[in-house]
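> just a sequence and a predicted model for now, questions to come.
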Amino acid sequence: MLQVYLPIAEISVNLLVMLGLGAAVGFLSGMFGVGGGFLLTPLLMFSGIPPAIAVTTCANQIVASSVSGALVQWRRDNIDLKMGAVLIIGGLAGAVVGVWLVGALREAGQADLMISLSYVAFLGVIGGLMLAESIRAIQRARAGVPARPRKPGQHNWIHGLPFKMRFPRSRLYISAIPPLLIGALVGFLASFLGVGGGFVMVPALIYLLRMPTNIVIGTSLFQIIFITAIVTLLHATFNHTLDLVLAVLLIAGGVVGGHFGAQAGQKLKGEQLRLMLALIVLAVAIRILFDLVLPPDDLYSLTPLGTKL
Amino acid sequence: MKRAPAIMAFWLATIGVACADDPPAQEQVQSDISTREIAIQSNFTGIEIVLFGAIDFTSVPAIDETQYDVIMVVRGPDEPVVMRRKERTIGLWVNGPSEVFQSAPSFYAVLASRPLRAIAPEATLKKLGVGFAELDLGAEPTDEVNRARFRSSLIRLKEDRGLFLESDDAISFIGRSLFRGSVDLPVSVPIGTYTTQVYLFRDGKLLSQDDSTLQVHKVGFERIVYLLAFRYPFIYGLIAVVIAAVAGLITWAIFGRRD
């Protein structure tokens, strides 16, 4: 019942399942305050959507969630537009590389493998770090030791780099090279993995560039809008891997799920939230790894060649 | 008696014309398809088409005791495909060797009233290209063993997806002359022009053949999406981004503005 045909993925999916998937990931992302692309892309892959199509369609869905998130931050004047622009310029370069790489790997028949492997590595590292950090935080809270506030760093190697720029909103005077590189890495991740990259961007801006935390979230969301939009456009144009029908379903589900997730998130403690998220992330990584290590159901695969029409 | 040669000449001429135009009098087959056009839209979950036909006995009287056989072939547009085999590399299953087939039919169904080999000799089937065993997939010349493996895997994968079908008892006769067979087109049915061939056999001999075509295309919203995605991909991507941005704006307007 309620089967919907996806014109680009060329499969029929259940309308409620896809809306529910969007809502569930939206709920989680609202609850944990993360983009959710790194959960949505693998979940779509598990439900039979080809990885390359899952990546592009997720990038498109993230445009929606980051627009609403960035607007909230913009109202609070929490966006450093100049820093955002530098990050976007770097992101554009990374996105072009990622889109080209997906195209080249698809031709070689290795795109699915490389996307899956990258996910395992990526989610494994992120999940592991989060797990360790949240367990330490919980232990500290039990022992009654107050969390040590981080001392603002005086000067690090980043301040020795050339091409210094002034970022008045962040009260920074630093080289443009690190933000360009961070932007490029996030742009690459967005185009290769279909993730917003907020969980790389946010720590990088806080710990490497020492931007004020309240401005980091807004700037990251602002930048993600443009990067995911660019990634969507590039993939749609060169790899034909965007499924509009699927995107609309995910966006609709995500909007509703995100709202309720944010409400639920306020009732839970930060360490508990991070522990839960870490476990979810690790579970997804292990599931993808299993699919790569266990003997496949079918050794053979069939792929149409050339362009359609 | 001057008219006799004239009549003779007329008769001879008529016979001559008849001999030139008609094949030796034998049973003819006529056929049609239940749908000539299949429109794929969002609620499409596959469709069953019925091919039906009749044996025309006007030129020869029906002979009792004779077994007629019918083979129907439904063939979608050819497309190049690549088959890949996974191999275990450092603990992971990785796509390894591959084989390109330049002209594999995107859809291929063979329906028969009896097993193919019982209907016609192998040579005839080969000539007509009927049946999985005789199908030309446009393989590139590589080593024989590998190609045979890739070939049989291609057929198996297509069968699993309902895109290849070979059925021995899919055609049923209604009385002496009428017959019908049905084919399920799955949800993933490729678009394009399909050809159908209906072959009539008697005692292993091909008596008659009737061909038709069938269109499968996407309509309405699906058609627009598909055309945009492949003909105007940039505009398509732009539309998707705008939809997402507007959705984000609406979300913010409803849920986010309070703070």
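That came through, no problem. Residues are numbered from 1 along each chain as shown, chains lettered A, B, ... in the order given.
> got the CA positions of the helix or strand where residue A:222 lies in CSV?
Per DSSP states H and E: residue A:222 is located in helix A:213-234. Provided in CSV are the C-alpha atoms of helix A:213-234 (Å, rounded to 0.1, in the frame of the first residue of the first chain):
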residue,chain,number,x,y,z
THR,A,213,31.2,28.9,20.3
ASN,A,214,27.9,30.8,19.9
ILE,A,215,29.0,32.0,16.5
VAL,A,216,30.4,28.7,15.4
ILE,A,217,27.0,26.9,15.2
GLY,A,218,25.4,29.7,13.2
THR,A,219,28.3,30.1,10.8
SER,A,220,28.6,26.3,10.3
LEU,A,221,24.8,26.1,9.4
PHE,A,222,25.1,29.1,7.1
GLN,A,223,28.0,27.5,5.3
ILE,A,224,26.3,24.1,5.1
ILE,A,225,23.3,25.6,3.2
PHE,A,226,25.6,26.7,0.4
ILE,A,227,27.8,23.7,0.3
THR,A,228,24.9,21.2,0.2
ALA,A,229,23.2,23.3,-2.4
ILE,A,230,26.3,23.3,-4.6
VAL,A,231,26.8,19.6,-4.0
THR,A,232,23.2,18.9,-5.0
LEU,A,233,23.5,21.0,-8.2
LEU,A,234,26.9,19.4,-9.2
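> just the element for residue B:101, please.
Going by DSSP H and E, residue B:101 is part of strand B:92-105.
> wait, does that strand contact chain A?
Yes - contact of strand B:92-105 with chain A (CB under 8 Å from any CB of the partner chain) involves B:92, B:93, B:94, B:95, B:98, B:100. For every residue, glycine as well, the C-beta is placed using N, CA and C.
> what's opposite the fifth one in the beta bridge?
This means residue B:98. On the basis of DSSP bridges, residue B:98 is bridged to residue B:84.
> just the second one next, same as before
Under DSSP bridges, the beta-bridge partners of residue B:93 are residue B:88.
> helix, strand or coil: sort out the residue in the stretch 101-250 of chain A that chain B sits nearest to for me.
Relative to chain B, the nearest point of the stretch 101-250 of chain A is residue A:236 (3.1 Å; CB to the nearest CB). Following DSSP: H, G, I helix; E, B strand; the rest coil, residue A:236 is assigned to helix.
> now do residue B:225: how many residues are near it, please.
22 (other CB atoms under 10 Å in any protein chain shown).
> next: the one 3 residues further on.
Residues within reach of residue B:228, counting by other CB under 10 Å, total 20.
> ok, and what's touching the host helix or strand of it?
According to DSSP H and E, residue B:228 maps onto helix B:220-231. Helix B:220-231 is contacted from outside by A:5, A:7-8, A:236, A:240, A:242, A:244-245, A:307-309, B:39-42, B:44, B:217-218, B:235-236, B:239, using CB atoms under 8 Å, 6 or more residues apart in numbering or on different chains.
> that older thread, for the record, mean pLDDT for the helix or strand following the helix holding residue A:222?
Going down the chain from helix A:213-234, the next helix or strand is helix A:244-265, by DSSP H and E. Averaged over helix A:244-265, pLDDT sits at 85.
> likewise for stretch B:166-174?
88.
> before we move on, back to that, got a quick ChimeraX command for the buried subset of the contacts of helix B:220-231?
To isolate the buried members of these in ChimeraX, using 16 or more other CB atoms under 10 Å in any protein chain shown:
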select /A:5,7,8,236,240,242,244,245 /B:40,42,44,218,236,239
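> all helices of chain B, in order?
In chain B, the segments counted as helices under DSSP state H are B:3-21, B:116-119, B:122-128, B:144-160, B:220-231, B:233-251.
> of all these, which lies closest to residue A:132?
Smallest distance to residue A:132 across the helices of chain B (CB to CB): 33.7 Å, for helix B:233-251.
> buried set for the closest one?
So helix B:233-251, judged by 16+ other CB under 10 Å, has buried residues B:233, B:236-241, B:243-245, B:247-248, B:251.
> in CSV: the helices of chain B, plus distance to residue B:71.
Formatted as CSV, the helices of chain B follow (distance: least, CB to CB, whole Å):
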stretch, distance to residue B:71
helix B:3-21, 26
helix B:116-119, 6
helix B:122-128, 8
helix B:144-160, 18
helix B:220-231, 33
helix B:233-251, 42
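> what's the closest of these to residue A:83?
helix B:233-251 (21.1 Å).
> could you check how far that closest one is from the centre of its chain?
Put simply, helix B:233-251 sits 39 Å off its chain's centre (CA atoms, centre = their mean, to the nearest Å).
> again, but for stretch A:280-294
Distance, stretch centre to chain centre, for stretch A:280-294: 18 Å (CA atoms, centre = their mean).
> quick check: residues of the stretch 201-309 of chain A near chain B?
Within the stretch 201-309 of chain A, the positions near chain B by CB under 8 Å from any CB are A:225, A:229, A:232-238, A:240, A:242, A:244-245, A:247-248, A:251-252, A:255, A:258-259, A:262, A:292-296, A:298-309.
> how about a cut-off of 6 Å?
Proximity of the stretch 201-309 of chain A to chain B (CB under 6 Å from any CB of the partner chain) is limited to residues A:229, A:232-233, A:236-237, A:240, A:242, A:244, A:247, A:251, A:255, A:259, A:292, A:296, A:299-306, A:308-309.
> if I pick residue A:82, what's in contact with it?
Shown in contact with residue A:82 (CB atoms under 6 Å, 6 or more residues apart in numbering or on different chains): residue A:167.
> one more pass at 7 Å, please.
By CB atoms under 7 Å, 6 or more residues apart in numbering or on different chains, the contact set of residue A:82 is A:167, A:169.
> next one: residue A:55
By CB under 7 Å, 6+ apart, residue A:55 lies in contact with A:41, A:115, A:193, A:194.
> that older thread, buried ones in the helix holding residue A:222, by neighbour count?
For helix A:213-234, by 16+ other CB under 10 Å, it's A:215-234.
> taking their axis directions, that helix and helix B:233-251 sit at what angle?
Between helix A:213-234 and helix B:233-251, the angle comes out at 150 degrees (axes from the mean of the first three to the mean of the last three CA atoms, to 10 degrees).
> name the helices or strands packed onto helix A:213-234?
Applying 3 or more CB pairs under 7 Å, 6 or more residues apart in numbering or on different chains; DSSP states H and E, we find helix A:213-234 packed against helix A:51-75, helix A:81-108, helix A:177-193, helix A:198-203, helix B:233-251.
> quick one: average confidence on it?
On average, helix A:213-234 scores 89.
> using CSV, write out every CA atom in stretch A:164-178.
Provided in CSV are the C-alpha atoms of stretch A:164-178 (Å, rounded to 0.1, in the frame of the first residue of the first chain):
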residue,chain,number,x,y,z
LYS,A,164,45.8,37.1,7.4
MET,A,165,42.3,38.4,7.4
ARG,A,166,40.2,40.2,9.9
PHE,A,167,37.0,38.6,11.0
PRO,A,168,35.3,41.3,13.1
ARG,A,169,32.2,39.3,14.1
SER,A,170,34.4,36.4,15.5
ARG,A,171,37.0,38.9,16.8
LEU,A,172,39.7,37.0,15.0
TYR,A,173,42.7,38.1,12.9
ILE,A,174,44.0,34.9,11.3
SER,A,175,45.2,33.5,8.1
ALA,A,176,42.6,32.6,5.4
ILE,A,177,44.3,29.3,4.8
PRO,A,178,42.9,27.2,7.7
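> picking that back up, just curious, which of the residues of strand B:92-105 next to chain A is nearest to residue A:199?
residue B:92 (25.5 Å).
> tell me the pLDDT of the nearest residue to residue A:163 once chain neighbours are set aside.
Counting by CB to CB, 6 or more residues apart in numbering or on different chains, residue A:163 lies nearest to residue A:176, which is 4.7 Å off, once chain neighbours are set aside. For residue A:176, the pLDDT comes out at 83.
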